[in-house]
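> Based on what follows, work out the 3D shape:
(one chain, ligands or ions: 1)
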Amino acid sequence: MHIRRYLHVSLAAAAVVILLKMLAWKLTGSVGFLSDAMESLVNVLAAGFALLMVSIAGRPPDADHPFGHTKAEYFSSGIEGLFIGLAAALILVEAAQRLIAPHPVHSVPVGVALIALATAVNGLVAAWMLKGAERLRSIVLEADARHLLADVWTSAGVMGGVVLVPLTGWLWLDPVVGILVALHILREAYQLVARSVDGLMDKSLPDVDLLAVEQLLEPYRSADVQFDHVRTRRAGTRRFVGMHMHMPAHWTLGQAARCRLAVEKTLMDAMPGIGLTIETLPQGEESHQEERSPREPMP
Ligand SMILES: [Zn+2]
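Below is the predicted model:
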């Protein structure tokens, strides 16, 4: 079965789960159940985002988008992060009102039964997707399944809280559980927005990738050949590396091209799918647009 098939099923299951949880919230008036429903909504958005990423980002470059479509994910993760932040804010407002004016939760057995059913659906779909992720070696699918599993634990905690309210008479317990879930959701929203901003701002590749590039270039460095202006960025799953390659001015164009080709092949073999730009220049000369290395401070 294809990855998209799994993601479609997870979307359908999530829709059912959300409906069950919203129903439980309406019946009981529990803030905990509201937060649990919102957490599931977050999962639907995450699954939808994964589906979008797989389909749009995977498109090959075309005439209008010569660098490919890998940046598509930053739009969706940014918007998704904002929606998730809104969901968390909604829970916090509801919980604060309930702390100020406490009142008991209603129809606890029916509510808990609905949440238990939703949790069973989540757990089964997550287990099935984990198997699929292993078979297809898909990180996207695995991340989606782990989300669902985390949701199962949230539901268990929320159910525990709601069951304890009528037993202990602690009316504050339900809103406090809701606040804890909201804070967790808020953390997720922050991570999504941060990732989107990093991507749109062309943040450099992680140090481990920079080190790998330096190590690959090392054997080619000599009195004749120098590299500078090494710059990296990522767009979605795609990594881009650019650099200057300085060679003696008396070398023939053919000689320089052969040397450049060897460097290019080494990098492409070691980092598959990399977007590589090697500008060749004579020693001691820089291109007009970047006389100054980007690592040097401005005067
Ligand atoms: Zn240079």
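
> Spell out the secondary structure type for the one residue in the stretch 151-299 of the chain that gets nearest to the ion.
Nearest residue of the stretch 151-299 of the chain to the ion (C-beta to the ion) works out as His244 at 3.3 Å. The C-beta positions use only the backbone N, C-alpha and C, and glycine is treated the same way. Look at His244: counting by DSSP: H, G, I helix; E, B strand; the rest coil, its state is strand.

> Any idea what it is bridged to?
Assessed by DSSP bridges, His244 has beta-bridge partners Asp228, Glu279.

> Return the set of buried residues in stretch 189-198.
Using 16 or more other C-beta atoms under 10 Å as the test for burial, stretch 189-198 gives Ala189, Leu192, Val193, Arg195, Ser196.

> got these as JSON lines, with secondary structure, pLDDT and distance to His147 columns?
Output for the buried residues of stretch 189-198, formatted as JSON lines (DSSP: H, G, I helix; E, B strand; the rest coil; pLDDT from 0 to 100; distance: C-beta to C-beta, whole Å):
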{"residue": "Ala189", "secondary structure": "helix", "pLDDT": "81", "distance to His147": "14"}
{"residue": "Leu192", "secondary structure": "helix", "pLDDT": "77", "distance to His147": "12"}
{"residue": "Val193", "secondary structure": "helix", "pLDDT": "82", "distance to His147": "17"}
{"residue": "Arg195", "secondary structure": "helix", "pLDDT": "77", "distance to His147": "15"}
{"residue": "Ser196", "secondary structure": "helix", "pLDDT": "78", "distance to His147": "18"}
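
> quick one: which of those residues is nearest to Val165?
Among the buried residues of stretch 189-198, Ala189 lies closest to Val165 (C-beta to C-beta), at 27.6 Å.

> how far away is the closest one from Tyr74?
15 Å (C-beta to C-beta, to the nearest Å).

> Which residue, other than its chain neighbours, is closest to Ser204?
Thr232 (5.2 Å; C-beta to C-beta, 6 or more residues apart in numbering).

> Contacts for whatever helix or strand that neighbour lives in next, please.
Secondary structure from DSSP states H and E places Thr232 in strand 226-235. For strand 226-235, the external contacting residues (C-beta atoms under 8 Å, 6 or more residues apart in numbering) are 67-68, 70-71, 199, 202-205, 209-210, 213-214, 217, 220-221, 239-246, 279, 283, 290, 293-294.

> Counting neighbours, which of these end up buried?
The neighbour count (16+ other C-beta under 10 Å) marks 68, 70-71, 199, 205, 209, 213, 217, 220, 239-241, 243-246 as buried among those.

> mind listing which of the contacts of strand 226-235 are in strands?
Among those, the members found in strands (DSSP state E) are Arg239, Phe240, Val241, Gly242, Met243, His244, Met245, His246, Glu279.
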